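Visitor: Here is a sequence together with a model predicted from it:
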Amino acid sequence: MIRQLILLFIIIVNPACVFYGNDFTYLPVFRAQEGGSEFDVRVGANVAQTIRRNFEWNPSFETVARRSAALTARLSGCKVGWVIGDPSVQVLGLSCGGAPPAKKPNLWRRAAFSCDRYEYRHGQDELICNG
C-alpha cells in the first residue's frame with residue numbers, strides 16, 4: 001500500500017516540476033555583451049527576459065539590471081520601464097512606440113528585486129531598486 005502511494009505521489013508531483021510555464025520559451029535568443037557582461041536576451045511584444053551568461057563574483061542587482069536594461073533597449077529599440085529579477089535572470093517591461101510598458105508582476109518571492117527606471121535628460125539614467 002505504501003509503495004502505491006509513493007508511486008502515485010511521484011506521478012502527480014513530477015509533471016508539476018517538469019512543466020513549468022515560461023512565457024519566453026519560444027522566442028528567439030540573442031546573445032550580446034554590455035559593460036563586460038554577456039547576456040542571452042529574449043524580446044517579446046512588451047516584455048523581455050535577459051539571462052546573464054558570464055561569471056562575476058557577487059554582482060549587485062543594480063549593476064546587472066543597468067547593463068541588462070541598456071542592452072535590451074539597444075536590441076529592441078524600446079524604452080525599458082521596469083526591471084525585476086535577480087543578478088542572473090531579469091524580466092524587463094518595454095515601452096515601444098509610445099505605448100505604456102507591460103504591467104509589473106507582483107513579486108511573490110523575497111529573494112527577487114524590483115527596479116524602476118527614471119530617465120534624465122542630462123547624464124545617465126537612474127534605477128530605483130527595492131529588494
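Guide: All right, it came through fine.

Visitor: tell me the SS of residue 55?
Guide: For residue 55, the secondary structure call by DSSP: H, G, I helix; E, B strand; the rest coil comes out as coil.

Visitor: pLDDT at it, what is it?
Guide: Note on residue 55: pLDDT of 90.

Visitor: Can you show me the helices along this protein?
Guide: 2-18, 61-76 (DSSP state H).

Visitor: what's the average pLDDT for the first one?
Guide: Throughout helix 2-18, pLDDT has a mean value of 67.

Visitor: rewinding a little: can you redo the helices of the chain as TSV with distance to residue 34 and mean neighbour count?
Guide: Placement of C-beta: from N, CA and C, glycine included. Output for the helices of the chain, formatted as TSV (distance: least, Cβ to Cβ, whole Å; neighbours: other Cβ atoms under 10 Å):
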stretch	distance to residue 34	mean neighbour count
helix 2-18	33	9
helix 61-76	4	21
